[in-house]
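Asks: Structure of the sequence below:
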Amino acid sequence: ANPTFHITSSGTARSLVTSTMVRSTLSLLAATAAVAAFAPSANAFVPSNAPRLAFAVAPASDDRCGRVLAPLRMSEEEFFQETPEMTKERIESLVETHPVLLFMKGSKIFPQCGFSNTATQILQSFNIDFHTVDVLADENIRQGIKDFSQWPTIPQLYVAGEFIGGSDIMIELYQSGEMGEMIEKAKADMM
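Replies: The predicted model follows:
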């Protein structure tokens, strides 16, 4: 059947075709919109000077006709990807800003692994205000901190800008009393 078009009260053209054709078209448009919205990496195959578009599909009306809304322009910021150098600069800034800094899985309130939990318990035993960064929330930081410290595991502790190590080293330093000395120095730096 040849589709016929009419203009709706909102001024959009709608196609009057069989419901099977409408459902197929809507499925294709919905899939296109989903790919555009949830798979920015798919845009890697689009030339950099091509406009970035996403489509939205309005729900079908009683006559089973849907309408495609106007393309949505997406800004370049939505497709921005941080470079390893930018991640390194962000990590350096965090290390310089916070006297006691723990890169961990989860937060100090809700650690997401046993090693991170051990690290937070050690630091909390000193009654010190320390900053944490959840590497699970930021893949760039998760990989970047391993490259930055040249240490393959998480958690990672920095005190007064110096990399200390992971939870195993923290346990050794805690048991020997050296961790207390480092923390006292960091407390003095905070004042």
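
Asks: Neighbours of Gln175, how many?
Replies: Other residues near Gln175 number 10, with proximity taken as other C-beta atoms under 10 Å. (Glycine included, C-beta is placed from N, CA and C.)

Asks: Which helix or which strand is home to it?
Replies: Taking DSSP states H and E as the criterion, the element that holds Gln175 is helix 167-176.

Asks: Repeat that for Asp189.
Replies: Take DSSP H and E as the rule and Asp189 turns out to sit in helix 178-190.

Asks: Can I get that helix as CSV, trimmed to CA atoms?
Replies: Taking Å, rounded to 0.1, in the frame of the first residue of the first chain, the C-alpha atoms of helix 178-190 are listed here in CSV:
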residue,chain,number,x,y,z
GLU,A,178,55.1,4.1,61.1
MET,A,179,51.6,4.8,59.8
GLY,A,180,50.9,6.8,63.0
GLU,A,181,54.0,8.9,62.4
MET,A,182,52.9,9.6,58.8
ILE,A,183,49.4,10.5,59.9
GLU,A,184,50.7,12.9,62.6
LYS,A,185,52.8,14.6,60.0
ALA,A,186,49.8,14.9,57.7
LYS,A,187,47.7,16.3,60.6
ALA,A,188,50.3,19.0,61.2
ASP,A,189,50.2,19.8,57.5
MET,A,190,46.4,20.3,57.7
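
Asks: That helix: which residues count as buried?
Replies: For helix 178-190, a neighbour-count test (16 or more other C-beta atoms under 10 Å) marks Met179, Met182, Ile183, Ala186 as buried.

Asks: Test my guess that Phe163 contacts Lys146.
Replies: No - in this structure Phe163 lies outside contact range of Lys146 using C-beta atoms under 8 Å: 11.5 Å.

Asks: could you point out where this structure is predicted with low confidence?
Replies: 1-79 (pLDDT under 70).

Asks: Assign a three-state SS to Trp151, would you?
Replies: Applying DSSP: H, G, I helix; E, B strand; the rest coil to Trp151 yields a three-state assignment of coil.
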